[in-house]
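Could you work out the structure for the sequence below:
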Amino acid sequence: MEIVYVYTKKRNEFGRQCNFSDREAELHIDILPDGKECENYIERNPVDMKVQCAQEMSEHEVNTERFETENRGINHTEGGWPKDINSQEVEQVLRYRKKVEKDEMYVNTIQQLGSVMEHCIKQNNAIDIYEEYFEDIDVDTMDEPPSAKTINVFRDPCDPKRTSTNISWFPDGPRKLAIAYCNLEFQGSSPDTSMDSYIWDVENPNKPEFTLKPVSPLVCLEYNPKDAHVLIGGCYNGQIAYWDTRKGSQPVEMSPIEHSHRDPAYKTIWLQSKTGTECFSASSDGQVLWWDTRKLGEPTEKLYLDPTKKQDFTKAQGAMSLEYEPTIPTKFMVGTEQGTIMSCNRKAKTPGEKIVAIYPGHHGPVYALQRNPFFPKNFLSVGDWTARIWSEDIRESSIMWTKYHSAYLSDSCWSPTRPGVFFTSKMDGTLDIWDILFKQSDPTLSLQVCDEPLHCIRVQDQGRLIATGSHTGTTTLLELSDGLVQLQRNEKVLVTAVLERETRREKILEARHREMKLKERNKSSQEKEKEDDEGGYEDEDLVEKAEREFYETIEYEIKQKEKKEAQRKQKEEMDKGDEGKASPIEEEKVETASGGGEDKDD
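Modelled structure (predicted):
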């Protein structure tokens, strides 16, 4: 039964406040009892109820919409002048000021404000609210356990999600992040996949601050250290693009396809130059190309990564990583797909001499390569399941290396503030922080950043903030504890001692290895000469030799089997013979008992 009562209200009373008043009760409807309804009622007997002493709690979740903020600028201009005064005319302004300054109201107002300001100034001189009382006391942060906390998470705003392939920090402080997004899986991108990359404000993860719109997805992106408005990017189709954020989202200039890389440009780095416009790039097509952003029509220089040093394009190895230290402007290093590391000199006289040294590297592609900022002679590389520290003096092997992890390593970098600390990211979503002074076999701190593979990692120049990009485009910003950032007492001296000790050890092992190789070579040459002198005998037929060795093996196995069988039978016979005999202890007891009986009879 449905009961409906309609309340009517005039249109002109809509929105008025309600004024309630007392009145007699009114009966709108009377429902009489119905006996049939009792038949639907069933008494519950017995009643079983559970009572908990704990307070009942309920959990609710609310997913609110993201609050997007936007920065706007306001230009304040000088105003407040009378209509007949032009603020641009100096004479009119001076004349009006003199007129106002002679006014008695103006003088009284200034005197009143002066006393108030004088009180504030005296108060500021008496108390320094910004004074630091304990700045002379050194805080020992070594005892604190190493830790890191998540500050912000930046997610790819586009669908389908793409991988964060490269991260670059804003050169003028930790305020912005430039992140390149690209799907690196072969033919894995759908036509709907966005090609945009973004610049994020560190404090606003809701919306990108600036959008970069390349013609092909960006694999790498780098800020110009001399000009914070300029960026260089390497595209998936091999082109090099150059942006100026003051001129919009579109690239200012791009390299033509015919003069660009034939594979994705995996790394671009700005060079140390007077103009601040020179850079170079590397790709898996086996080329290293030098560019000037003032004229991207063609590369200024070219190098094929041919390990034979003959500059043969067909034998060139594809580049996956690139390293450049501004303090050594003529040298650079390249990590290849084949796992080797090439040390190169740009200013060599001939193209063949540009590749100075080749290091054996890793079992797989070298994904990361960086010199130690405190000791440029030593460099860090990541490939396969390990991270390795190398010395330029030793080319046979690395001087230090991590254990083989179960997950593949994807990227690494040194700490810019501590010479013994470096970071590695893995495909299981783990970020490892290593301190070679603390321990070398395991990471000092291991963080599970996310449940998906981490692809790239970048530390800010001050060493406190670290950003990691994942496979689905999620970039996590972490803040490290003081112990991982601040330079410890005598740390440079201790790290130097560790690296020199390991270098010395590897040199000794390398010399010993060469000596053993030389002995083996001499021994084999002597045996060969002896065989040549003896001569005169013919080699046995290989089939007959194999048959003879086979039958000899069978006969040996049969003899061994017969020998075991004979030993088993001999053991069984000995066991049967021992069953009818009493043990020596029992025999002794029997003799003692019989002796005692005889004495009693006597």
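
hang on, T468 in a strand?
Yes - under DSSP: H, G, I helix; E, B strand; the rest coil, T468 falls within a strand.

from what I can see it touches T476, true?
Yes - taking CB atoms under 8 Å as the definition, T468 is a contact partner of T476 at 5.3 Å. For the C-beta atoms, the positions are set from N, CA and C on the backbone; glycine is no exception.

Quick check: phi and psi at the residue nearest the centre of the chain.
The chain has I457 as the residue nearest its centroid, 3.2 Å off, counting by CA atoms, centre = their mean. Dihedral angles of I457 (phi, psi; degrees, to the nearest 10) stand at phi -150, psi 140.

Quick check: it vs V202, distance?
Distance from I457 to V202, counting by CB to CB, to the nearest Å: 16 Å.

and stretch 547-566, how far from the chain's centre?
60 Å (CA atoms, centre = their mean, to the nearest Å).

Would you mind putting the CA coordinates of it into PDB?
These are the backbone C-alpha positions of stretch 547-566, laid out as PDB (Å, rounded to 0.1, in the frame of the first residue of the first chain):
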ATOM      1  CA  GLU A 547      85.800 -48.700 -29.900                       C
ATOM      2  CA  ARG A 548      88.800 -49.600 -27.800                       C
ATOM      3  CA  GLU A 549      88.000 -46.900 -25.200                       C
ATOM      4  CA  PHE A 550      84.400 -48.100 -25.100                       C
ATOM      5  CA  TYR A 551      85.300 -51.800 -24.500                       C
ATOM      6  CA  GLU A 552      87.900 -50.800 -21.900                       C
ATOM      7  CA  THR A 553      85.200 -48.800 -20.000                       C
ATOM      8  CA  ILE A 554      82.800 -51.700 -20.100                       C
ATOM      9  CA  GLU A 555      85.400 -54.200 -18.800                       C
ATOM     10  CA  TYR A 556      86.300 -51.800 -16.000                       C
ATOM     11  CA  GLU A 557      82.600 -51.500 -15.000                       C
ATOM     12  CA  ILE A 558      82.100 -55.300 -15.000                       C
ATOM     13  CA  LYS A 559      85.200 -55.800 -12.800                       C
ATOM     14  CA  GLN A 560      83.900 -53.200 -10.400                       C
ATOM     15  CA  LYS A 561      80.500 -54.900 -10.300                       C
ATOM     16  CA  GLU A 562      82.100 -58.400  -9.600                       C
ATOM     17  CA  LYS A 563      84.300 -56.900  -6.900                       C
ATOM     18  CA  LYS A 564      81.200 -55.400  -5.100                       C
ATOM     19  CA  GLU A 565      79.300 -58.700  -5.400                       C
ATOM     20  CA  ALA A 566      82.200 -60.600  -3.800                       C
END
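
for the stretch 401-550 of the chain, which spans come out with low pLDDT?
Along the stretch 401-550 of the chain, segments meeting pLDDT under 70 span 530-541.

one more time with 90, if that's ok
Within the stretch 401-550 of the chain, the segments meeting pLDDT under 90 span 401-408, 436-442, 450-451, 461-463, 472, 481-492, 495-496, 498-550.

Poorly predicted segments of the stretch 1-150 of the chain, please.
Ranges of the stretch 1-150 of the chain meeting pLDDT under 90: 1-107, 111, 122-147.

again, only using 50
For the stretch 1-150 of the chain, no stretch has pLDDT under 50.

all helices in the chain, in order from the N-terminus.
With DSSP state H as the criterion, the chain has helices at 36-39, 90-101, 104-126, 491-534, 542-579, 584-601.
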